[in-house]
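1. Take a look and give me a structure for this.
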Amino acid sequence: MCAAVNKCILTGTVSPRGFEMRYTASGTAVATFMLALTETWPDGTERLLFIPIEVMGRKAEAVTALAPGTAVVVDGRLMRRKVGDRWETIVGCWDLTPITVPVTPVEVT
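-> Just a heads-up that it's a prediction; the model follows:
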């Protein structure tokens with residue numbers, strides 16, 4: 001068997017729906033949200049892509065304070081799970097960092 005690395009780093013914005021918060025039976029916090037990414041196709045058109053993200057533990061409680069539209073960097077791994085009779089792929093996030101863009105004042109002349 002070949003060695004493999006399952007890691008993904010995504011940059012996008014929190015979707016307009018924001019976060020959904022729940023707790024497991026053991027009391028662990030779980031926050032889920034959709035990460036919005038813009039994809040540019042070879043013909044120049046841009047398409048919006050939504051990736052499901054799941055954050056667990058203390059980070060889940062902290063990230064729910066982020067507003068929809070906030071730019072974030074998600075560091076995690078791809079996970080597959082069965083929901084009903086179908087399988088879905090999500091990103092299990094172990095680190096989520098908001099991106100702050102410094103605003104430079106523009107001098108109007």
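2. Low-confidence bits of the protein, can you list those?
-> Scanning the chain for pLDDT under 70 picks out the ranges 1, 101-109.
3. Could you rerun that using 80?
-> For the chain, the stretches flagged by pLDDT under 80 are 1-3, 94, 99-109.
4. Let me see the ranges of the helices in it.
-> 58-63 (DSSP state H).
5. In it, what residue spans correspond to strands?
-> Along the chain, the segments classed as strands by DSSP state E run 8-14, 20-23, 29-40, 46-56, 71-83, 86-98.
6. which of the residues in the shortest one are buried?
-> So the one you mean is strand 20-23. By 16 or more other Cβ atoms under 10 Å, strand 20-23 has no buried positions at all. Where you see a C-beta, it was placed from the backbone N, CA and C, and this is true even at glycine.
7. Enumerate the beta-bridge partners assigned to residue 51.
-> Note on residue 51: beta-bridge partners by DSSP bridges are residue 35.
8. what's around it, how many residues?
-> 18 (other Cβ atoms under 10 Å).
9. just checking, it touches residue 91?
-> Yes: Residue 51 lies in contact with residue 91 (Cβ atoms under 8 Å); the separation is 6.1 Å.
10. circling back to that earlier point, let's have the strands of the chain in CSV, adding distance to residue 63.
-> Putting the strands of the chain into CSV (distance: least, Cβ to Cβ, whole Å) gives the following:
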stretch, distance to residue 63
strand 8-14, 9
strand 20-23, 9
strand 29-40, 6
strand 46-56, 6
strand 71-83, 8
strand 86-98, 5
